[in-house]
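>>> Predicted model and sequence follow; I will ask about them next.
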Amino acid sequence: MDIVALDQLLTVGGFLAVLFVALFVIKTNKGKLKTKLTQDRRMAIGEVTALGPDARAMLLRIDEQEFLVVTAKRQAPVITPLGSQKSGTETGQETGRAADTPALDATTRARIAA
């Protein structure tokens with residue numbers, strides 16, 4: 001009695017051949033497939049780097065605008081807009097604050113300067 005029959009070997013061989021052909025087709029058309037699959041996406045992660053054992057920095061692109069996102073364990077993520085079309089005074093970039101942090105009004109700035 002045979003352990004492996006001829007038809008089983010042919011089935012496994014045919015399956016492996018189909019897998020290798022699929023691998024070859026995907027590798028040769030990788031660029032076309034990638035643009036087709038990612039063409040409708042509005043958000044993409046550009047790059048991720050580790051800042052420490054529990055902290056990461058990510059470049060996030062949303063609708064042609066880039067953001068720097070810094071995350072750490074047990075802390076809220078810090079999101080900073082980069083390369084905005086607006087001027088630095090409107091987005092708070094001149095002081096390093098995020099866009100949702102309100103800028104100081106003229107009266108408050110005068111009191112601080114005095």
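Nice, I can see it. Residues are numbered from 1 along each chain as shown.
>>> where does this protein have its least confident helix or strand?
One helix or strand of the chain scores below all others by mean pLDDT, DSSP states H and E: helix 88-91, with a mean of 47.
>>> separation between the most centrally placed residue in the chain and Leu6?
Nearest residue to the geometric centre of the chain (C-alpha atoms, centre = their mean): Ile45, 1.0 Å. In this structure, Ile45 and Leu6 are 50 Å apart, going by C-beta to C-beta, to the nearest Å. C-beta coordinates here come from the backbone N, C-alpha and C atoms, glycine included.
>>> ditto for Gly13
10 Å.
>>> which neighbours do those two share?
Here Gly13 and Leu6 have no joint contacts, going by C-beta atoms under 8 Å, 6 or more residues apart in numbering.
>>> which residues are in contact with the lengthiest helix in the chain?
When the chain is parsed with DSSP state H, its longest helix is helix 6-28. For helix 6-28, contacts defined as C-beta under 8 Å, 6+ apart pick out Leu33.
>>> mind checking how far that helix is from the chain centre?
Distance, stretch centre to chain centre, for helix 6-28: 34 Å (C-alpha atoms, centre = their mean, to the nearest Å).
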